[in-house]
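K.L.:
no sequence on this one, just coordinates:
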């Protein structure tokens, strides 16, 4: 199939909702029914899923140790009861 | 000690315990709060300052937090409000003209450059460097970036993101979908340049 196939276009429209688990059950059936028979869309769904995971990992920075310490110390500056 | 004094003492002790519990829980979320803050602002220094200001405000107003509700979302609501207060201009959401490129845009570009089979391999995603991702995120217009960062980096639900940003859930979804598309356009430009 190609991206000009109306089934592929519909599948592309459903991509984000599908990966966000935000589709109505009947839309899930449409998406999965198409994915079962379409290698083109299946590759793109898998790619998109990996891309999201990769974005999350790549863009996540751990908190600096010094900041964690500073935050803990903020408790000591709180006003008395 | 009179009965009233004893009751007061018990109340104060219970309040102190509640406060300590609140502080421990808030500090336990610092890593996740920082992770989102770091991508909402341009530099590490700004992110550190923003997180510190968030915790100062949170510790002061701890009694307005309802135990058992989503503290991570509560903290992020403070953080995003502070970020706006810090002089970030409220940006008009760019006109929502449809983007020509669809959701398959980046995959199609990479498939055209590397061949269709290459989409199955992890290395195609790895063609995008960490720098590509960070810089593409930082170039998103604020309205879109806030939503993409909250949902895709902070792993907040649509409903939590709507509450944090004080916008309707439909707005979260449309900004998220559009923001992700713009992100993919930028990634395609950077990685295939």
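P.N.:
Looks like it came in fine. Model, not experiment: these values are computed from the prediction. Residues are numbered from 1 along each chain as shown, chains lettered A, B, ... in the order given.
K.L.:
residues in contact with the residue nearest in space to the middle of chain A?
P.N.:
Within chain A, one residue has its C-alpha closest to the average C-alpha position: by CA atoms, centre = their mean, that is residue A:52, at 4.8 Å. Residues in contact with residue A:52 (CB atoms under 8 Å, 6 or more residues apart in numbering or on different chains) are A:19, B:152. No exception for glycine: its C-beta is placed from N, CA and C like everyone else's.
K.L.:
Can you give me the distance of it to residue A:28?
P.N.:
Counting by CB to CB, to the nearest Å, the gap from residue A:52 to residue A:28 is 18 Å.
K.L.:
just residue A:47 next, same as before
P.N.:
Distance of residue A:47 to residue A:28, given as CB to CB: 19 Å.
K.L.:
Who has more neighbours out of these two?
P.N.:
Neighbour count, other CB atoms under 10 Å in any protein chain shown: between residue A:47 and residue A:28, residue A:47 has more, with 22 against 14.
K.L.:
any idea how far the more buried one is from residue B:184?
P.N.:
When distance is defined by CB to CB, residue A:47 is 11 Å away from residue B:184.
K.L.:
Return every residue with contacts to both of the two.
P.N.:
Common neighbours of residue A:47 and residue B:184 (CB under 8 Å, 6+ apart) are residue B:106.
K.L.:
Report the next helix or strand after the helix or strand where the residue nearest to the centre of chain A lies in sequence order.
P.N.:
Per DSSP states H and E, residue A:52 falls inside helix A:39-58. Of the helices and strands lying after helix A:39-58 in sequence (DSSP H and E), the nearest is helix A:65-74.
K.L.:
and that following helix, how far from the chain's centre?
P.N.:
In this view, helix A:65-74 has its centroid 31 Å away from the chain centroid, taken as CA atoms, centre = their mean, to the nearest Å.
K.L.:
Can you tell me what sits against that helix?
P.N.:
Applying CB under 8 Å, 6+ apart, the external contacts of helix A:65-74 come out as B:27, B:30-31, B:34, B:48, B:51-52, B:55-56, B:59.
K.L.:
repeat that for 10 Å
P.N.:
Outside of helix A:65-74, the residues that reach it under the criterion CB atoms under 10 Å, 6 or more residues apart in numbering or on different chains are A:62-64, B:23-24, B:26-27, B:30-31, B:33-34, B:44, B:47-49, B:51-52, B:54-56, B:58-60.
K.L.:
ok so, going back, show me which residues of the helix holding residue A:52 are buried.
P.N.:
A:40-45, A:47-48, A:50-52, A:54-55, A:58 (16 or more other CB atoms under 10 Å in any protein chain shown).
K.L.:
and the gap between the residue nearest in space to the middle of chain B and chain A?
P.N.:
When CA atoms, centre = their mean is applied to chain B, the residue found nearest the centroid is residue B:150 (2.8 Å). Shown here: residue B:150 relative to chain A, a distance of 12 Å by CB to the nearest CB, to the nearest Å.
K.L.:
what about residue B:15, neighbour count?
P.N.:
Counted with other CB under 10 Å, the burial measure for residue B:15 works out to 12 neighbours.
K.L.:
What does the pLDDT read for residue 53?
P.N.:
Since you didn't name a chain, this refers to chain A. Here, the pLDDT recorded for residue A:53 equals 92.
K.L.:
My question was about chain B, not that one.
P.N.:
The pLDDT attached to residue B:53 in the predicted structure is 96.
K.L.:
Just to check, it is in contact with residue B:83?
P.N.:
Yes - the pair residue B:53 / residue B:83 is scored as a contact, 9.3 Å apart, by CB atoms under 10 Å.
K.L.:
So those two - more neighbours on which side?
P.N.:
With neighbours defined as other CB under 10 Å, residue B:53 and residue B:83 compare such that residue B:83 has more, 20 against 16.
K.L.:
Output the contacting helices and strands for the helix or strand hosting that one.
P.N.:
Under the assignment given by DSSP H and E, the secondary-structure element containing residue B:83 is helix B:71-85. Packed against helix B:71-85 by the contact rule (3 or more CB pairs under 10 Å, 6 or more residues apart in numbering or on different chains; DSSP states H and E) you find helix B:3-28, helix B:30-40, helix B:44-60, helix B:142-148, helix B:158-165.
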